[in-house]
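Participant: A structural model of the following input is requested.
(chains A and B)
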There are 2 protein chains.
Amino acid sequence: MSAIYHQVSPQKLHDLTLDIFRHMGCTPEHARIAAGVLQSADLRGIDSHGVARLSGYVRLWNANRINAAAKPRLTYETETTGTLDGDGGLGLVNAAVAMDIAIEKAKKYGSGWIAIKNSNHFGIASAHATKALREDMIGMALTNASPLVSPTFSKERLLGTNPICYAIPAGEENPVVIDLATSAAANGKLEIAQRKNEPIPSGWLQDKEGKVSNNPADLKGGGSLLPLGSEKKTGSHKGYALSAFVDIFSGVLSGANYGPWVPPFVSFLPLADNMPGEGIGHFVGAMRVDGFRPVNDFKKNMDQWIRRFKASETIDGQDEVIIPGEPETRMEQDRLINGIPLIDPVFQDLRTLCNEFGMPFPELAHS
Amino acid sequence: MSAIYHQVSPQKLHDLTLDIFRHMGCTPEHARIAAGVLQSADLRGIDSHGVARLSGYVRLWNANRINAAAKPRLTYETETTGTLDGDGGLGLVNAAVAMDIAIEKAKKYGSGWIAIKNSNHFGIASAHATKALREDMIGMALTNASPLVSPTFSKERLLGTNPICYAIPAGEENPVVIDLATSAAANGKLEIAQRKNEPIPSGWLQDKEGKVSNNPADLKGGGSLLPLGSEKKTGSHKGYALSAFVDIFSGVLSGANYGPWVPPFVSFLPLADNMPGEGIGHFVGAMRVDGFRPVNDFKKNMDQWIRRFKASETIDGQDEVIIPGEPETRMEQDRLINGIPLIDPVFQDLRTLCNEFGMPFPELAHS
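Facilitator: Okay, the predicted model is just below:
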């Protein structure tokens, strides 16, 4: 099966995305922010989190589960901490607004940390955390997510793929951008295997009885993703604990939902009964590097760290050690020049959205 | 092979430990802190990090690699961040001193974060992070460590088992204490397998060529521990990235050593050439819960989180889902009542240390 791709212009795709958010009722500023976060995913090669999700956001908005005209506001605050009520709006916007507040606090006091409640899917974590880099700060972003992952020894889905992201500046080298789901494999990888009708490696999935599964269809049949570490003897309790950390910081600390009560990302699944909080939750933060040591000393050492790891002797058959964030940075450099390849179903989705909103479907080709 | 155990009194063991630190030249205050951190490990069942390490600290002090009379001091500071120069002293003390500073900053400004350089092994991370709990704060502790772990695709040891610890208060339930090495298995587990002459599971270790190994002896033969995730297809790049985060926060941000330059924990291994920093590094922090929402609301939700996970349906053959920190809390409750079981080699080590310092070897039996 070979997919049809459309090579589109990053700028044109961004402008169309912004227009669609405007038609949903977002302010110009919010539409710009939201389009920027999706663009970042499409440029960095995290295709599952770019415009591929745009129709999903529209469906949730259709179902009154996303408030496009939201007015996020701080409800609780100290000099360096606070909680943002996302007013049911786009997580893409709420996390970005919160990150700006965290950066302002860090400028004044060395660090800033904002929990966010009453929000929705926030896109790729690194789009938010990397905003700290231009200020010579370290950025952090966490979010909880629809329950798909079982804790060690359980057969219930109680956790999302709950990502952890840290963005760390370097000097002459590219920044280190750590952005990882705390499950052994991301849901997107299972979807690809299922489309191709291929078995998946042991360690990604268990079936509804909690037995090892190599069949990606078992996820929809009541199975669950496994935490990073895959099984107890290789440390799945650690992946579960990391996912718990993300859930508690994002959900419990903010007053959002947590665990099995986190709202699903798709409009056709119902909300849980007796939800204990508001919407889904995120947690973002920023710390000034020069709150610890002079920025140039830090950057010089970061460059040495990166170069030493790149120079590491590899095992046979492997070309190089990869620095966290390196493949995404390479992809971004490539796609800025050569355009973004959209698979046909996503391209057609955009056409459908334009029809629904009574917008002309624009020329998107990368020239 | 059945080991001989000595069931010792926690209080008597603590007092002996304190005396030995005093004989090394620690101030009464530092000796009390250091003995408390080792006691915490012995009570919580992390036997590899309790008095079993005391002779190791003495050997490093003999080799002039630990400065028992150190005067740790802040060298860099903002309202909520700073770097502590540990003056070559015990990590047990430096991390504890830094945590107290972080908590004071959090009281004033909502959060506090201290990087520590020029330090040594800091014991169990949770001994430091849990100090935040009594202030209704969330505590964090990280440290880098002697290189034993290879990044994905590498056959060189460039990272330590670099632990991540978060301590989170609850209400009626016990706090959630996440404390995990970012390798698939801790070094202690390999040592136990080697003593028993047993093979180890695939996923813990690679040999010096980077091939899967089930022989624990391969670690001493130039092999390396694997990051959490074990192999690329089950996410070892994530464990590697988490370990990198710990190394950078602990080593690069503080001005300590990092990567392959982190000083070894044993006195018989030489220091690396051209070390880029000072000693080993840690990172600790604290955030006030009420910097985000009222403490009682948070604790009520934490109790619900914990109870929902405990009530989770288990897979066949498993009794219950474990909350992070739960086994250690149970162990602590047991050992406070029933005493601490020391294996004979550790017990005899203590006798030897007393002889060396010209101290009488005290009665330790738990009565």
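
Participant: Same question for the helix or strand where A:Leu190 lies: list its buried residues.
Facilitator: Per DSSP states H and E: A:Leu190 is located in helix A:187-196. Under the neighbour-count criterion of 16 or more other C-beta atoms under 10 Å in any protein chain shown, helix A:187-196 has A:Asn187, A:Lys189, A:Leu190, A:Ala193, A:Gln194 buried. Every C-beta, even on glycine, is put in place using the N, C-alpha and C of the backbone.

Participant: Export those as JSON lines, with columns for pLDDT.
Facilitator: Listed next are the buried residues of helix A:187-196 as JSON lines, based on pLDDT from 0 to 100:
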{"residue": "A:Asn187", "pLDDT": "84"}
{"residue": "A:Lys189", "pLDDT": "86"}
{"residue": "A:Leu190", "pLDDT": "88"}
{"residue": "A:Ala193", "pLDDT": "88"}
{"residue": "A:Gln194", "pLDDT": "86"}
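
Participant: Show which residues not belonging to the helix holding A:Leu190 make contact with it.
Facilitator: The contact list for helix A:187-196, computed with C-beta atoms under 8 Å, 6 or more residues apart in numbering or on different chains, reads A:Met1, A:Ser48, A:Leu148, A:Thr161, A:Pro199, A:Ile200, A:Trp204, A:Leu205, A:Pro216, A:Ala217, A:Leu219, A:Leu225.

Participant: run the last query once more with 7 Å
Facilitator: A:Met1, A:Ser48, A:Leu148, A:Thr161, A:Ile200, A:Trp204, A:Leu205, A:Pro216, A:Ala217, A:Leu219, A:Leu225 (C-beta atoms under 7 Å, 6 or more residues apart in numbering or on different chains).

Participant: Name the nearest residue to the second one, sequence neighbours excluded.
Facilitator: This means A:Ser48. A:Gly188 (4.0 Å; C-beta to C-beta, 6 or more residues apart in numbering or on different chains).

Participant: With the fourth one instead?
Facilitator: Nearest residue to A:Thr161 in three dimensions, chain neighbours excluded: A:Ala181, at 4.0 Å (C-beta to C-beta, 6+ apart).

Participant: got it, and the third one?
Facilitator: The shortest distance from A:Leu148 to any residue that is not its chain neighbour, by C-beta to C-beta, 6+ apart, is 5.0 Å, and that residue is A:Leu225.

Participant: For A:Glu173, pull up the helix or strand it's in.
Facilitator: Assigned by DSSP H and E, A:Glu173 falls within no helix or strand.

Participant: What's the local residue count around it?
Facilitator: By other C-beta atoms under 10 Å in any protein chain shown, 17 other residues sit near A:Glu173.

Participant: go on, A:Asp273?
Facilitator: Neighbours of A:Asp273 using other C-beta under 10 Å come to 6.

Participant: one step back: for the residue nearest to A:Leu148, give me its contacts.
Facilitator: A:Leu148, A:Val149, A:Thr161, A:Ser183, A:Ala185, A:Asn187, A:Trp204, A:Leu205, A:Leu219.

Participant: Who are the contact partners of the first one?
Facilitator: Put plainly, it is A:Leu148. Counting by C-beta under 7 Å, 6+ apart, A:Leu148 has contacts A:Arg157, A:Gly160, A:Thr161, A:Asn187, A:Ser224, A:Leu225.

Participant: Ok, the second one next?
Facilitator: Residues in contact with A:Val149 (C-beta under 7 Å, 6+ apart) are A:Arg157, A:Leu159, A:Gly160, A:Thr161, A:Ser183, A:Ser224, A:Leu225, A:Pro227, A:Ser243.

Participant: related to what we said a few turns ago, closest one of the buried residues of helix A:187-196 to chain B?
Facilitator: A:Lys189 (9.6 Å; C-beta to the nearest C-beta).

Participant: what's stretch A:123-141 in contact with?
Facilitator: Contact with stretch A:123-141 is made by A:37-38, A:40-41, A:44, A:46, A:49, A:91-92, A:95-96, A:99, A:103, A:106, A:122, A:143, A:163, A:165-169, A:175, A:177, A:179, A:282, A:284-290, A:295, as judged by C-beta under 7 Å, 6+ apart.

Participant: actually stretch A:43-63, sorry about that
Facilitator: Outside stretch A:43-63, the residues touching it (C-beta under 7 Å, 6+ apart) are A:10, A:13, A:17, A:20, A:24, A:38, A:41-42, A:66, A:68, A:90, A:120, A:123-124, A:188, A:265-267, A:328, A:331-332, A:335-336, A:340, A:346, A:349-350, A:353.

Participant: In helices, which of the residues you listed appear?
Facilitator: Those of the contacts of stretch A:43-63 mapping onto helices are A:10, A:13, A:17, A:20, A:24, A:38, A:41-42, A:188, A:328, A:331-332, A:335-336, A:346, A:349-350, A:353, per DSSP state H.

Participant: Which among those residues count as buried?
Facilitator: By 16+ other C-beta under 10 Å, the ones in helices among the contacts of stretch A:43-63 give A:10, A:13, A:17, A:20, A:24, A:38, A:41-42, A:328, A:331-332, A:335, A:346, A:349-350, A:353 as buried.

Participant: on that earlier part again, wait, doesn't the residue nearest to A:Thr161 sit right on A:Leu159?
Facilitator: No - checked against C-beta atoms under 7 Å, the pair A:Ala181 and A:Leu159 is beyond contact range at 10.7 Å.

Participant: more neighbours, the two?
Facilitator: Legend: neighbour count by other C-beta under 10 Å for A:Ala181 and A:Leu159, higher for A:Leu159 (32 against 26).

Participant: Just grab the bridge partners of the more buried one for me.
Facilitator: A:Val149 (DSSP bridges).

Participant: do the same with the one 4 residues further on
Facilitator: Under the criterion DSSP bridges, A:Pro163 forms beta bridges with A:Ala181.

Participant: what's the distance between it and A:Met137?
Facilitator: To A:Met137, A:Pro163 is 20 Å away according to C-beta to C-beta, to the nearest Å.

Participant: quick one, which of these two is more surrounded?
Facilitator: A:Met137 (28 against 24).

Participant: Please export the C-alpha coordinates of stretch A:242-261 as CSV.
Facilitator: These are the backbone C-alpha positions of stretch A:242-261, laid out as CSV (Å, rounded to 0.1, in the frame of the first residue of the first chain):
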residue,chain,number,x,y,z
LEU,A,242,6.5,8.8,35.5
SER,A,243,3.1,8.8,33.9
ALA,A,244,1.6,9.2,37.4
PHE,A,245,3.9,12.2,38.0
VAL,A,246,2.6,13.8,34.8
ASP,A,247,-1.0,13.1,35.7
ILE,A,248,-0.7,14.5,39.2
PHE,A,249,1.2,17.7,38.1
SER,A,250,-1.2,18.3,35.2
GLY,A,251,-4.5,17.1,36.6
VAL,A,252,-4.5,17.1,40.4
LEU,A,253,-2.3,20.2,41.0
SER,A,254,-4.4,22.3,38.6
GLY,A,255,-7.9,21.0,39.5
ALA,A,256,-8.4,19.3,36.2
ASN,A,257,-9.5,15.7,35.7
TYR,A,258,-7.0,12.9,36.2
GLY,A,259,-6.6,9.2,35.8
PRO,A,260,-9.6,7.4,34.2
TRP,A,261,-11.7,10.6,34.3
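
Participant: Since that was my last question, I'll sign off now.
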